[in-house]
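[1] Pasting the sequence and the predicted coordinates here, then a few questions.
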Amino acid sequence: MPMPTNSKPFSGKALDSESVAAMLKPPKRLDRARAMRHLSVPSDQTQVWLERCKANGWLGGSGVLSLDEGRRGVPLNDNAPAGEDACWEGLDHIDAPPRENGPRHWRERLPGELQTLPDSFWPSSYEVQGDVLLVKLEEEVRPHASAMAKAMMEQMPSVRIVCADEGVQGDFRVRDLRPIASRDGSQHTTTAVREHEFTIHVDPGEVYYSARLSKQRLNTYESLQGFRERLGSPLVVADPYAGVGPAFPLLLKHEGLVSGYLAGDLNPKAVELLTKNLESWTRKSPTTFSPSTVVCKDARTWKEDEELRGKANVMLVNLPHDSFEHLPDLFPLFIPSELGLLRGWAIIERTSLDGRVAQLEGMVEAAGGTPTQTFVSEVKGFSTTRCFVVFQSTITWD
């Protein structure tokens, strides 16, 4: 009986030992040839990374993988940066066979009769915080809100509840959220998000939090590292408008950067979550932070409290609609006769941008300080006439 032959026999020179070894390697090598690079992310961050990768042109053409330990694999294409790039915030990359795609968009999961409506009929954007999806609804969409929410949850397995965002309300400017559909029947909006490798407990229905400011928080961390080197000692950071505290985890994790903190908010629910977050971020720290003060009170009255007045090297001011107006009441929180760093954010008329450095320096001088390295820079547009800015000044207090 003749030996079977290869339909594509080798020709030419004889195979060397390395070629033979390569041919004898197990089939797994063939599987790896078909593998696609994936970004391994916590399940509650899946949508955030999908949107980020899509916006940067890094998203692969296959579906999201379900991985062990509640993680997801976001497919990446050849344009995505290398795994060690800082843009991935320390997340791991894995090679795995791509998953065949299901529907590419939640609209494809709508009932047939609703799929005949034009794409422009449906919301073009939404926001995901943890397992809570927030979406603004036009009036004509409301009769179909339940079907829309069901389609969204089918498309995004990590979403627990879909809520209509009815805009901000109340003194604390928090969102008025109306639950539309829930995967498990729960109606609460308390959840957790991941930012820069840290877990942050949030509640979009009770407390303001914006993932879009994560880059600003990273910039704050970098600014404070430089200021700490200049000062020559660890910093006491005051954040009177801390919300749930997203400015703190990067700062507290860096051993020797921060020696203490003064944190607070006027919203009791924010302070409840702030306290929970700070306890989580400092529990395993080798540093005993002092002061480690958390208060629920109007920031403009902090100067009247001996435990708060004259204690801070660094002041963070994140009250965008009123930051500049509140500054005179906040300056007394700085340590007298020492170098201080002021950093904050504001929403201003774009036409006033050119004069804001002079305004800020004038306010510092009126409070008895000498400002240097002052800047006010636009971060992004807020409306057709207003912009969101970051401001900073290094202050020598006389």
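    Cool, got the structure.

[2] drop to CA atoms for contacts and neighbour counts, all remaining ones
    Will do.

[3] Name the SS class of residue 75, please.
    State at residue 75, reduced to three classes by DSSP: H, G, I helix; E, B strand; the rest coil: strand.

[4] so residue 392, which of the three states?
    Per three-state DSSP, the local secondary structure of residue 392 is strand.

[5] and it, how many neighbours does it have?
    24 (other CA atoms under 10 Å).

[6] right, and it touches residue 346 too?
    No - Residue 392 is not in contact with residue 346 according to CA atoms under 8 Å; the separation is 11.2 Å.

[7] ranges for the helices of the stretch 251-398 of the chain?
    In the stretch 251-398 of the chain, the helices defined using DSSP state H, counting those that start in this stretch lie at 268-282, 323-330, 356-366.

[8] Packed most tightly, which of these would that be?
    Across the helices of the stretch 251-398 of the chain, averaging neighbours per residue (mean count of other CA atoms under 10 Å) puts helix 268-282 on top, at a mean of 19.

[9] And for that one, what's in contact with it?
    Contacts to helix 268-282, defined as CA atoms under 8 Å, 6 or more residues apart in numbering, come from residues 200-202, 206-207, 242-245, 248-249, 252-253, 264-265, 294-296.

[10] returning to that earlier point: looking at the helices of the stretch 251-398 of the chain, which is nearest to residue 41?
    Closest to residue 41 of the helices of the stretch 251-398 of the chain is helix 268-282 (CA to CA; 20.1 Å).

[11] next one: the closest one to chain centre, how far?
    17 Å (CA atoms, centre = their mean, to the nearest Å).

[12] average pLDDT for it?
    When pLDDT is averaged over helix 268-282, the result is 98.

[13] mind saving the C-alpha coords of that helix as PDB?
    Extracted as PDB, the C-alpha positions of helix 268-282 are listed here (Å, rounded to 0.1, in the frame of the first residue of the first chain):
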ATOM      1  CA  PRO A 268     -24.400  64.300  53.100                       C
ATOM      2  CA  LYS A 269     -24.700  61.400  50.600                       C
ATOM      3  CA  ALA A 270     -21.400  62.400  49.100                       C
ATOM      4  CA  VAL A 271     -19.700  62.500  52.500                       C
ATOM      5  CA  GLU A 272     -21.100  59.000  53.200                       C
ATOM      6  CA  LEU A 273     -19.500  57.600  50.000                       C
ATOM      7  CA  LEU A 274     -16.400  59.800  50.500                       C
ATOM      8  CA  THR A 275     -15.800  58.300  53.900                       C
ATOM      9  CA  LYS A 276     -16.300  54.700  52.600                       C
ATOM     10  CA  ASN A 277     -13.900  55.400  49.700                       C
ATOM     11  CA  LEU A 278     -11.200  56.900  51.900                       C
ATOM     12  CA  GLU A 279     -11.300  54.000  54.300                       C
ATOM     13  CA  SER A 280     -10.900  51.600  51.400                       C
ATOM     14  CA  TRP A 281      -8.000  53.500  49.800                       C
ATOM     15  CA  THR A 282      -6.100  54.000  53.100                       C
END
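
[14] just use 26 as the starting number from now, easier for me
    Sure, I'll start numbering at 26, so the last one becomes helix 293-307.

[15] Could you check how many residues crowd around residue 308?
    A count of neighbours around residue 308, defined by other CA under 10 Å, yields 11.

[16] how near is it to residue 314?
    Distance, residue 308 to residue 314, by CA to CA, to the nearest Å: 11 Å.

[17] before we move on, back to that, export the helices of the stretch 276-423 of the chain to CSV and append columns for distance to residue 327.
    Listed next are those as CSV, based on distance: least, CA to CA, whole Å:
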stretch, distance to residue 327
helix 293-307, 15
helix 348-355, 8
helix 381-391, 18
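
[18] in the stretch 26-175 of the chain, which spans are helices?
    For the stretch 26-175 of the chain, applying DSSP H, counting those that start in this stretch gives helices covering 42-49, 53-58, 71-80, 137-140, 170-180.

[19] Buried residues of stretch 103-118, list them for me.
    By 16 or more other CA atoms under 10 Å, the buried positions in stretch 103-118 come out as 105, 108, 113, 116, 118.

[20] Contacts for that stretch, please.
    Here stretch 103-118 has contacts from 62, 63, 64, 65, 66, 82, 83, 84, 221, 222, using CA under 8 Å, 6+ apart.

[21] ok, now stretch 129-149?
    Against stretch 129-149 from outside (CA under 8 Å, 6+ apart): 128, 160, 161, 162, 163, 166, 172, 173, 176, 177, 179, 180.

[22] Same question for stretch 275-290.
    With contacts defined as CA under 8 Å, 6+ apart, stretch 275-290 is touched by 221, 243, 246, 249-250, 253, 258-268, 270, 296, 299, 306-307, 310-324, 333, 337.

[23] Let's see the ChimeraX selection covering just the buried ones among these.
    Applied in ChimeraX, the following selects the buried portion of those according to 16+ other CA under 10 Å:
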select :246,249,250,253,259,260,261,262,263,264,265,266,267,268,270,296,299,306,312,316,319,320,321,322,324,333,337
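
[24] Where does pLDDT dip in the protein?
    Counting by pLDDT under 70, the ranges of the chain that qualify are 26-58, 126.

[25] Outline the domain layout of it.
    61-121, 131-214, 234-422 (the TED database).

[26] mind listing what the most centrally placed residue in the chain touches?
    Central residue check for the chain by CA atoms, centre = their mean: the C-alpha nearest the mean position is that of residue 236, 3.3 Å away. Shown in contact with residue 236 (CA under 8 Å, 6+ apart): residue 220.

[27] Next: residue 177.
    131, 132, 134, 187.

[28] who wins for most neighbours among those?
    Within the contacts of residue 177, neighbour counts (other CA under 10 Å) peak at residue 187, which reaches 28 neighbours.
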